[in-house]
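Peer 1: I need the structure of the sequence given here:
(chains A, B, C and D)
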2 protein chains.
Amino acid sequence: MQLLWRDPAAVPRHGPRQGLTIDQVVAAATALADAEGLEAVTMRRVAAGLGVVPTALYTYVSGKAELLDLMLDAAYARMPRTGTYGQPWRQRVAAVAAENRALFETHPWAAAVSTVRPPLGPGLMAKYEHELSALDGLGLTDVELDAALTHLLTFVQAWARAAADTRAARRESAMDDGQWWAAHAPLLARVLDPRAYPLAVRAGTAAGTAHGSAYSPEHAYDFGLRAILDGLAALIGRRG
Amino acid sequence: MQLLWRDPAAVPRHGPRQGLTIDQVVAAATALADAEGLEAVTMRRVAAGLGVVPTALYTYVSGKAELLDLMLDAAYARMPRTGTYGQPWRQRVAAVAAENRALFETHPWAAAVSTVRPPLGPGLMAKYEHELSALDGLGLTDVELDAALTHLLTFVQAWARAAADTRAARRESAMDDGQWWAAHAPLLARVLDPRAYPLAVRAGTAAGTAHGSAYSPEHAYDFGLRAILDGLAALIGRRG
DNA sequence: ACGTACAGAGTACAATGTACAGAGTAGTAG
DNA sequence: CTACTACTCTGTACATTGTACTCTGTACGT
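Peer 2: Modelled structure (predicted):
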């Protein structure tokens, strides 16, 4: 908490100056996560990137969990915030979703770190304030405002996790969807009886041929965002 | 894949009989995950629970990832499937959501394991077939059917993860929300200026006092499910 | 009966987060 | 100016993880 806000009451008075800054540590860890994923962020590698011994990092952060908090809040703080004042509300809300989607595309690791009881730092506060403003003036109560935003953000994060998992599965199996299907087709043909699973085979085939794979992040995002906007419209209609 | 479907072509012909069955291994791992969470599921502890040396498990599964696949498919297979034939569609869809919510309440670890390119086993197929039937007959195309179900399941899983994170945060900080707030209030009061973050402070306070904490899983579920049903209603209205 | 293919035991290794002890440094109190 | 104290950074150490490898013994097919 004190670190998140860079609380000046927390700077030490005695001893040698620190050779690095918290921001350098956070930046090094973020660069590593961007380049090689969250699992590459080990205390040893972050330290090596800074020319320092692993345990030296513990004078900057209390542990790895706190480092992740700081990374996330810093990423929030850097998010570009589209000005959408005066635009129709569906566009404003879609812009919020797009900003979060862009965050997860720049920093795929951000989707993987937890978000409940999140790092209550300046980055998150600025983000929250900005995103609430996109939903303001629709006649919702304050509680509904918060719930609607949470619902939207939950969707975008879940989508980003699914998209990242898709990429990871593709990479680690070293097959594209066609190869995967070819490898498993014999067993599946024997076992996926259309009489036992009529709807599943029908819908699965339809979705598969429409998207070229079992799961299409692109289509899921478009469908999901539209559904959420329609759901929000119903709430607004009830209130306004 | 062969293991998921218990392919009889995969049973060995020579050598000693296996002292255990795959199902015993999966059951032991599941029991461990239910009781102590996914991080307690180590090959060593699963093996110890079965009275066997860790590396003996590798004659049953090819690695930990496959074990998790088997656990998930088995959990899918055990899910009770509510018969909702003839009920209004909103009730049918809500029942699907409730079944998945119940799954994640019985097996919190299930929310944490990935779901894209999922274990295409008998449990998943039966689940998929059952859940599609709840959405059938609404005038949606097959692709929309699949997308709508995916959207709903993504929501329930994301909610379950958030709920689990909430519980975990509470446990590991060893504070309830009141204590947490009391511990951080001085700094937050200094730093959360209502003039800098007017909407955030207003909506955050409103949500916090309404739910007794920053995030209420219960409220998020009710709000989210309603929003999704409303969004689906709009799609159905457009089609039907 | 015998060789082959398998089950399970034991050992081993690299990687992780971080606790702990020691050496050196810079402010502050006397 | 000196001594103390609080601090930074280093190095070593440990428990824990998944799993590769080797070895011993077993039971089926010929």
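Peer 1: Could you tell me the angle between the biggest helix by length in chain A and helix B:142-173?
Peer 2: Counting residues, the longest helix in chain A under DSSP state H turns out to be helix A:142-173. With axes from the mean of the first three to the mean of the last three CA atoms, to 10 degrees applied, the angle from helix A:142-173 to helix B:142-173 works out at 100 degrees.
Peer 1: now helix A:142-173: mean pLDDT?
Peer 2: Average pLDDT, helix A:142-173: 93.
Peer 1: Over stretch A:22-32, what's the mean pLDDT, rounded is fine.
Peer 2: Mean predicted confidence for stretch A:22-32 is 98.
Peer 1: So which residues make contact with the worst-scoring helix or strand of chain A on mean pLDDT?
Peer 2: Ranked by mean pLDDT, DSSP states H and E, the weakest helix or strand in chain A is helix A:177-191, scoring a mean of 82. With CB atoms under 8 Å, 6 or more residues apart in numbering or on different chains as the test, helix A:177-191 has contacts from A:170, A:173, A:175, A:212-214, B:1-2, B:5, B:7, B:117, B:120, B:122. All C-beta spots, glycine's among them, are computed from the backbone N, C-alpha and C.
Peer 1: could you check whether stretch A:18-32 is close to DNA strand D?
Peer 2: Yes. Residues of stretch A:18-32 contacting DNA strand D under CB under 7 Å from any atom of the strand: A:18-20.
Peer 1: out of these, who's nearest DNA strand D?
Peer 2: DNA strand D has its nearest neighbour among the residues of stretch A:18-32 next to DNA strand D in residue A:19, at 2.9 Å by CB to the nearest atom of the strand.
Peer 1: ok, back up a step: pull out the buried residues from the least confident helix or strand of chain A.
Peer 2: For helix A:177-191, burial by neighbour count (16 or more other CB atoms under 10 Å in any protein chain shown) applies to A:177, A:180, A:187, A:191.
Peer 1: I'd like the distance from the next helix or strand after it to the chain centre, please.
Peer 2: For helix A:177-191, the succeeding helix or strand toward the C-terminus, using DSSP states H and E, is helix A:198-211. For helix A:198-211, the separation from the chain centroid amounts to 28 Å (computed by CA atoms, centre = their mean, to the nearest Å).
Peer 1: Next one: the residue nearest the centre of chain A from residue A:38, what distance?
Peer 2: Residue closest to the mean C-alpha point of chain A, counted by CA atoms, centre = their mean, is residue A:111 at 2.8 Å. Using CB to CB, to the nearest Å, residue A:111 is found at 9 Å from residue A:38.
Peer 1: Then residue A:18?
Peer 2: Distance from residue A:18 to residue A:38, by CB to CB: 26 Å.
Peer 1: show me where pLDDT drops low in chain A?
Peer 2: Chain A contains residues with pLDDT under 70 at A:116-117.
Peer 1: DNA strand D contacts on chain A?
Peer 2: A:12-20, A:52-56, A:59-60.
Peer 1: Tell me the secondary structure of the residue in chain A that DNA strand D sits nearest to, please.
Peer 2: When scored by CB to the nearest atom of the strand, chain A has residue A:15 as its residue closest to DNA strand D, at 2.5 Å. What DSSP: H, G, I helix; E, B strand; the rest coil gives for residue A:15 is coil.
Peer 1: Look up phi and psi at it.
Peer 2: Main-chain torsions, residue A:15, degrees, to the nearest 10: phi 80, psi 180.
Peer 1: Tell me how many other residues surround it.
Peer 2: By other CB atoms under 10 Å in any protein chain shown, 7 other residues sit near residue A:15.
Peer 1: about what we covered before: more neighbours: which of residue A:18 and residue A:38?
Peer 2: residue A:38 (19 against 14).
Peer 1: My guess is the more buried one contacts residue A:112. True?
Peer 2: Yes. Under the criterion of CB atoms under 8 Å, residue A:38 makes contact with residue A:112 at 5.2 Å.
Peer 1: and DNA strand C, which of the contacts of helix A:177-191 contact it?
Peer 2: Of those, not one also sits near DNA strand C (CB under 7 Å from any atom of the strand).
Peer 1: Any of these buried? List them.
Peer 2: Buried among the contacts of helix A:177-191 by 16+ other CB under 10 Å: A:170, A:213-214, B:1, B:5, B:117, B:120, B:122.
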